[in-house]
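Student: coordinates only, sequence not included:
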């Protein structure tokens, strides 16, 4: 009887121990290095330039060996914001170089590029008098 009580007292701790061992084995399996993934290639920076006048004016640029380049110049804005004129370039999958020029100021971020789709102009809207139900009723009364 003593032996039976002794086993039942340790049963919960045994199941807890097994759960902990199982969790550790699972964590170890997740920590094993994964093979088959290519290591990312190190891309060298060809040129880099940074200037900061300390009064809100700055200029920076860099170019990487993979064709990515970035440049921007900033000045303090009239409403406390920074005004930035800049551009960035990168290679497309077909080998062409894409470029985006932008301005960021108190009016927001405004990029320009042939890559950015443009909307077609909207057709003119009908006059509000004839488009509204009151306008149609008024037109019907005048005709009748």
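Tutor: Arrived safely. Remember, predicted model here, so these are calculated numbers, not experimental data. Residues are numbered from 1 along each chain as shown.
Student: For the chain, give me the ranges with low pLDDT.
Tutor: The model of the chain has pLDDT under 70 over residues 1-12, 36-39, 127-144.
Student: got the domain boundaries for it?
Tutor: Split into domains by automatic domain parsing, the chain comes to 1-34, 45-112.
Student: got these as a markdown table, with distance to residue 121 and mean neighbour count columns?
Tutor: Just so you know, the C-beta spots here come from the backbone N, C-alpha and C atoms, and that holds for glycine as well. Output for the domains of the chain, formatted as a markdown table (distance: least, C-beta to C-beta, whole Å; neighbours: other C-beta atoms under 10 Å):
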| stretch | distance to residue 121 | mean neighbour count |
| --- | --- | --- |
| domain 1-34 | 52 | 9 |
| domain 45-112 | 18 | 13 |
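Student: can the ones you listed go into TSV with extra columns for distance to residue 118?
Tutor: Formatted as TSV, the domains of the chain follow (distance: least, C-beta to C-beta, whole Å):
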stretch	distance to residue 118
domain 1-34	44
domain 45-112	10
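Student: can you tell me which of those domains comes nearest to residue 120?
Tutor: domain 45-112 (17.6 Å; C-beta to C-beta).
Student: Can you get me the start-to-end distance on that closest one?
Tutor: Here the two ends of domain 45-112 are set 26 Å apart, with distance taken as C-alpha to C-alpha, to the nearest Å.
Student: Tell me how far it lies from the chain's centre.
Tutor: Relative to the chain's own centre, domain 45-112 is displaced by 17 Å; criterion: C-alpha atoms, centre = their mean, to the nearest Å.
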